[in-house]
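Q: coords please:
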Amino acid sequence: MEFVRLAALFAITAVAEIVGCYLTWLVLKQGKAWVWLWPAALALGLFAWLLTLHPTAAGRVYAAYGGMYIVVALGWLRVVDGVALTRWDLAGALIALIGMAVIALQPQGA
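A: Predicted structure coming up:
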C-alpha cells in the first residue's frame, strides 16, 4: 500500500512539473500569451512543495521521483502530444518504475 501512496504522490508531482514546463514552453516556443507564465509558475511552485512532503532525504526523493516522471512524461506524450508509444517506451517505463520502487522502498537504515 505504501508503494501505491508514494506512486500517486509522485504522479501528481510529475503532472505539476510537466504542466509548469509545458506552459512555459508554449509561451517561449509557440508564441502564446505571456499571461500563461503565471499558472506555469504556480504549477512549478506546487511541484516543489509536493517534493517536500516526503520524509526521506531530498536526494533520494529526487532519484525515486525520476522514475515516475518518466512514466508521466510518456503519458503526456501519448495524451497531449498524440504520439503513439512504442514497446520500448513501455519497457523503459516499467524499468523506471522498478527503479523507483527499489530506491523509495528500501529498508529503513539501509
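
Q: just want the most central residue of this protein.
A: A centroid search over the chain (C-alpha atoms, centre = their mean) returns residue 14, at 2.2 Å, as the residue closest to the centre.

Q: for that one, what are its contacts?
A: Taking C-beta atoms under 8 Å, 6 or more residues apart in numbering as the contact definition, residue 14 lies against 65, 68-69, 71-73. C-betas here are computed from N, CA, C, even on glycine.

Q: can you tell me the closest non-neighbouring residue to it?
A: In space, and not counting its chain neighbours, residue 14 is closest to residue 72: 3.7 Å by C-beta to C-beta, 6 or more residues apart in numbering.

Q: which residues touch that neighbour?
A: If a contact means C-beta under 8 Å, 6+ apart, then residue 72 has 11, 14-15, 18 as its contacts.

Q: could you list the low-pLDDT ranges of this structure?
A: For the chain, the stretches flagged by pLDDT under 70 are 1, 55, 57, 110.

Q: just the helices in it please.
A: Secondary structure of the chain by DSSP state H: the helices cover 2-30, 37-51, 58-79, 87-104.

Q: report the backbone C-alpha coordinates of stretch 74-94 in PDB.
A: Coordinates of the C-alpha atoms in stretch 74-94 are reproduced here as PDB (Å, rounded to 0.1, in the frame of the first residue of the first chain):
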ATOM      1  CA  LEU A  74       5.300   9.200 -21.600                       C
ATOM      2  CA  GLY A  75       1.600   9.500 -20.700                       C
ATOM      3  CA  TRP A  76       1.800  13.200 -21.600                       C
ATOM      4  CA  LEU A  77       3.400  12.300 -24.900                       C
ATOM      5  CA  ARG A  78       0.500  10.000 -25.700                       C
ATOM      6  CA  VAL A  79      -2.400  12.000 -24.400                       C
ATOM      7  CA  VAL A  80      -1.400  15.600 -25.000                       C
ATOM      8  CA  ASP A  81       1.000  15.300 -27.900                       C
ATOM      9  CA  GLY A  82      -0.900  12.400 -29.600                       C
ATOM     10  CA  VAL A  83       2.200  10.300 -30.200                       C
ATOM     11  CA  ALA A  84       1.800   6.600 -30.000                       C
ATOM     12  CA  LEU A  85       4.000   4.800 -27.500                       C
ATOM     13  CA  THR A  86       6.300   2.100 -28.600                       C
ATOM     14  CA  ARG A  87       7.000  -1.200 -26.800                       C
ATOM     15  CA  TRP A  88      10.400   0.400 -26.000                       C
ATOM     16  CA  ASP A  89       8.700   3.300 -24.300                       C
ATOM     17  CA  LEU A  90       6.600   0.900 -22.200                       C
ATOM     18  CA  ALA A  91       9.600  -1.300 -21.300                       C
ATOM     19  CA  GLY A  92      11.500   1.800 -20.300                       C
ATOM     20  CA  ALA A  93       8.600   3.000 -18.200                       C
ATOM     21  CA  LEU A  94       8.400  -0.400 -16.400                       C
END
